[in-house]
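Chemist: Provide a 3D model corresponding to the input given below.
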Amino acid sequence: QVQLVEFGGGSVQAGGSLRLSCAASGRTFSNFPMAWFRQAPGKEREFVAGVSWSAGSPTYRDSVKGRFTISRDNAKNTVYLQMNSLKPEDTAVYYCAAKGSSSIVVITRTSWYDYWGQGTQVSVSS
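Modeler: Presented below is the predicted three-dimensional model:
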């Protein structure tokens with residue numbers, strides 16, 4: 001059974017940093033794209049960042065470029081999201097997602113991903 005479990009959410013003040021981790025179990029995702037999405041209250045789930053199996057050329061949504069960094073450790077079957085210079089508008093539940101097949105590209109649609117974590121809350125106060 002595949003499981004994605006997120007860690008690292010919490011509450012910070014604007015300008016602060018958090019590091020999210022997503023540990024995958026049940027299969028090896030080293031060849032498959034992984035991504036982070038987020039969902040704020042009353043809004044649709046949106047793509048934040050994604051990385052292909054090779055970890056080359058990560059993809060980011062424009063509003064987090066230069067502040068967030070996605071990385072992966074294939075040996076640990078884990079993907080990370082380093083979030084710096086956090087803003088109140090970054091407040092949301094953050095979800096880890098994984099594609100269940102190999103791909104050299106990262107797609108930003110939620111429907112493209114096969115596995116999801118339960119989410120972790122990130123709250124940024126002004």
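
Chemist: Rounded mean pLDDT for the helix or strand containing residue 35, please.
Modeler: Residue 35 is part of strand 34-39 when elements are defined by DSSP states H and E. For strand 34-39, the mean pLDDT works out to 97.

Chemist: who does it pair up with?
Modeler: Sheet partners assigned to strand 34-39 using DSSP bridges are listed as strand 46-51 (antiparallel), strand 92-98 (antiparallel).

Chemist: after the longest one, next one along is what?
Modeler: Looking back up the chat, that one is strand 92-98. Next element after strand 92-98 (DSSP H and E): strand 115-116.

Chemist: strand partners of whichever helix or strand comes after that following strand, parallel vs antiparallel please.
Modeler: For strand 115-116, the following helix or strand on the C-terminal side (DSSP H and E) is strand 120-125. Sheet partners assigned to strand 120-125 using DSSP bridges are listed as strand 10-13 (parallel), strand 92-98 (antiparallel).

Chemist: nearest to residue 72, of the strands paired with strand 34-39?
Modeler: Closest approach to residue 72 among the strands paired with strand 34-39 (CB to CB): strand 46-51, 5.5 Å. For glycine as for every other residue, the C-beta is placed from the backbone atoms N, C-alpha and C.

Chemist: looking at it, residue 68 is touching residue 50, isn't it?
Modeler: No - using CB atoms under 8 Å, residue 68 is not in contact with residue 50, being 11.3 Å away.

Chemist: When these two are compared, which one has more neighbours?
Modeler: Ranked by neighbour count (other CB atoms under 10 Å), residue 68 and residue 50 place residue 50 first, with 24 against 21.

Chemist: OK, contacts around that one?
Modeler: 33, 34, 35, 36, 58, 59, 70, 106, 107, 108 (CB atoms under 8 Å, 6 or more residues apart in numbering).

Chemist: got it, and residue 105?
Modeler: Residue 105 neighbours (CB under 8 Å, 6+ apart): 33, 52.

Chemist: Quick check: residue 85 touching residue 15?
Modeler: Yes - between residue 85 and residue 15 there is a contact at 6.1 Å, judged by CB under 8 Å.
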